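Participant: no sequence on this one, just coordinates:
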Ligand code: ZN
């Protein structure tokens, strides 16, 4: 199939161009012809959200998702309660920006078992669900790669995320499918189909897996630089009914050191040819 130059579904996460502040991201993405942005919450600190919203509108940028909520699991009851309050705040921010979705990194605590963390994650999502519903903001559980099971997410496969979303069974709770976290899974295609059948594919994140990976957090690659069959996974996700923005989410010390305007052009190229 011939690659098209259609960028209409390309979305970039602000963390992908980490050296830029929010205004720089908005201006540069717009200049590059990008129409979708996912905003990381730390960039909203001390910002007037009304002004941010109007800047986004002025630059014809739609917010795909606010990143990130979650972190529900903890041995400490007060920390679990704090997480719920923080997630309510995230929901308010999303509503103020017109962001339809919050990505949830669910959390894990190395001082307790994964089953306990998973129960707390479900309780946490159920606790914030009424706020999400009344603000019209959807919640996307993002299963992470198992290497993060110790302290970031007790949800480490699409099967587990499907189980959780289906057990909550609410149109406001679905899943963010990220190729970086899920590409290794022998059941990936089946679980994508299952996720689609329940209308639970809320978001799709892309990047690539470099070998050797030099850092577990910040050595992601551009699509085409690694061993993830990104095009194939995109086909599965689309065959399962997903037609939303394709979100480029790359954390890379190597790429953050480059000129970010040039990096954005590389992202467009990788999106067109390897996604
Ligand atoms: Zn992601």
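Facilitator: Structure's in. What do you need? Nothing here was measured: the structure is a model prediction, and the numbers come from that model. Numbers count the residues shown, from 1 in each chain.
Participant: and the gap between residue 23 and residue 138?
Facilitator: Relative to residue 138, residue 23 is positioned 27 Å away (C-beta to C-beta, to the nearest Å). (Glycine included, C-beta is placed from N, CA and C.)
Participant: Comparing these two, which residue is more hemmed in?
Facilitator: Ranked by neighbour count (other C-beta atoms under 10 Å), residue 23 and residue 138 place residue 138 first, with 20 against 14.
Participant: What separation do you get for that one and residue 80?
Facilitator: From residue 138 to residue 80 the distance is 22 Å (C-beta to C-beta).
Participant: So for the residue of the stretch 51-200 of the chain found nearest the ion, what's the pLDDT?
Facilitator: In the stretch 51-200 of the chain, the residue that lies nearest the ion is residue 178 (3.5 Å; C-beta to the ion). Per-residue pLDDT puts residue 178 at 98.
Participant: need the contact list for it.
Facilitator: Residues counted as contacts of residue 178 (C-beta atoms under 8 Å, 6 or more residues apart in numbering) are 142-144, 204-206, 249.
Participant: That one bridge partners, please.
Facilitator: Beta-bridge pairing of residue 178 under DSSP bridges involves residue 205.
Participant: Let me know the secondary structure of residue 213.
Facilitator: Following DSSP: H, G, I helix; E, B strand; the rest coil, residue 213 is assigned to coil.
Participant: is it true that it touches residue 219?
Facilitator: Yes: contact criterion C-beta atoms under 8 Å: residue 213 and residue 219 qualify, at 5.1 Å.
Participant: would you list every one of the helices in the stretch 101-250 of the chain?
Facilitator: Secondary structure of the stretch 101-250 of the chain by DSSP state H, counting those that start in this stretch: the helices cover 114-135, 158-168, 179-182, 188-197, 230-239.
Participant: Tabulate these (CSV), appending mean neighbour count.
Facilitator: Converted to CSV, those look like this (neighbours: other C-beta atoms under 10 Å):
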stretch, mean neighbour count
helix 114-135, 18
helix 158-168, 19
helix 179-182, 23
helix 188-197, 19
helix 230-239, 18
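Participant: Contact partners for the residue nearest in space to the middle of the chain?
Facilitator: The geometric centre of the chain, computed from its C-alpha atoms, lies nearest to residue 103 (C-alpha atoms, centre = their mean), at 5.2 Å. Contacts for residue 103 (C-beta under 8 Å, 6+ apart) come out as 38, 65-70, 140, 142, 176, 203.
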